[in-house]
Each structure stands twice: as structure tokens, then as C-alpha cells.
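J.: got a sequence here, can you build the structure:
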Amino acid sequence: MIVALFALMYFLMIRPQRKQQQKRREQLSKIKPGDSVVTIGRLHGVVDEINEAEKTVTLDCDGIYLVFDLSAVAQIKQPGIAPATATTDTKTNSAKTDEAPASDAADDKSAASDQASDSAADQNKESK
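T.: Residues are numbered from 1 along each chain as shown. Take a look at the predicted model:
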């Protein structure tokens, strides 16, 4: 009876926890520079350097480099971008640059509305 209780406790509690720990170890061992990660403190950054000897990771957070324990990484958001993918992204970006940016179109509209309001103000002055 007691043996059955220990066996049940092993399969319901200990075994799933060990599987989860093993999965986390594998995930942390696959981290490489360029990966986007989130720390346990919810800090988002890009992996810049990994020090296996000290078990630390250096994150680039918008130009600020921070060193964390490797165990502080909570999740890997996306793997680093391969050079082949980057070249296809450049092609799509160059196609987008041929079009007028939306901010220029907004500036043109605001300039046109400013001119219209100036001419309306001039007409009001002339009528008085």
C-alpha cells in the first residue's frame, strides 16, 4: 500500500518536474548570440555574449549591456536571424522605400491645411 502511494507520488509530482527541468536545461544550452530573450525580471534584450565558464549571459538592451546569470533567462522569444533571412528582408525593405513614407504624406496634408487656414484668415481681414 505504501509502495503504491510512493509510486503514485513519483509519477504525479517528481517525474513531471524532472522533465520540466531537463527541458529548461536544453533550452538554456541552445541560447546563442542574437537570440531575443526575456529575463525573470521581465527585461527584454538580445543575447550579445555567453560565458559558459561563469554561466553568465550578456544582454544588449537598446545599447546598454547587462550581465545576468544564465538561469535568469525566463524564455527565448525568437532565435537569432540567419544571414540568408536578413538578405530577403533587405529586398522587401528596399521595395518599401520606393513608396513615399506615411509621415511625408501626413506632413503634406498638414501643410495644405495650414495654407488653407492662412488664406481663410487673409480673406477675413480683407472683408473687415
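
J.: and stretch 61-74, how far apart are its ends?
T.: Start and end residues of stretch 61-74 are separated by 16 Å (CA to CA, to the nearest Å).

J.: would you list every one of the strands in the protein?
T.: Under the criterion DSSP state E, the chain contains strands at 36-39, 44-51, 56-61, 64-69, 73-78.

J.: dump the ones you listed into a markdown table; add mean pLDDT as well.
T.: Converted to a markdown table, these look like this (pLDDT from 0 to 100):
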| stretch | mean pLDDT |
| --- | --- |
| strand 36-39 | 95 |
| strand 44-51 | 95 |
| strand 56-61 | 95 |
| strand 64-69 | 96 |
| strand 73-78 | 89 |
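
J.: want to throw these into JSON lines with distance to Leu28?
T.: Backbone N, C-alpha and C define where each C-beta goes, glycine included. Shown next, in JSON lines, are the strands of the chain (distance: least, CB to CB, whole Å):
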{"stretch": "strand 36-39", "distance to Leu28": "10"}
{"stretch": "strand 44-51", "distance to Leu28": "10"}
{"stretch": "strand 56-61", "distance to Leu28": "9"}
{"stretch": "strand 64-69", "distance to Leu28": "10"}
{"stretch": "strand 73-78", "distance to Leu28": "6"}
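
J.: figure out which of those strands is closest to Ala4.
T.: When the strands of the chain are ranked by proximity to Ala4, the top entry is strand 73-78, at 37.1 Å, counting by CB to CB.

J.: ok, and what's touching the closest one?
T.: Outside of strand 73-78, the residues within contact range by CB atoms under 8 Å, 6 or more residues apart in numbering are 27-28, 30-31, 35-40, 42, 44, 57.

J.: among those residues, which pair sits farthest apart?
T.: Spatial extent of the contacts of strand 73-78 (CB to CB) is set by the pair Lys30 and Arg42 at 21.4 Å.

J.: the more surrounded of these two?
T.: Relative neighbour count places Lys30 above the other of Lys30 and Arg42, with 10 against 7, counting by other CB atoms under 10 Å.

J.: contacting residues around the more buried one?
T.: Each residue near Lys30 by CB under 8 Å, 6+ apart is listed here: Ile76.
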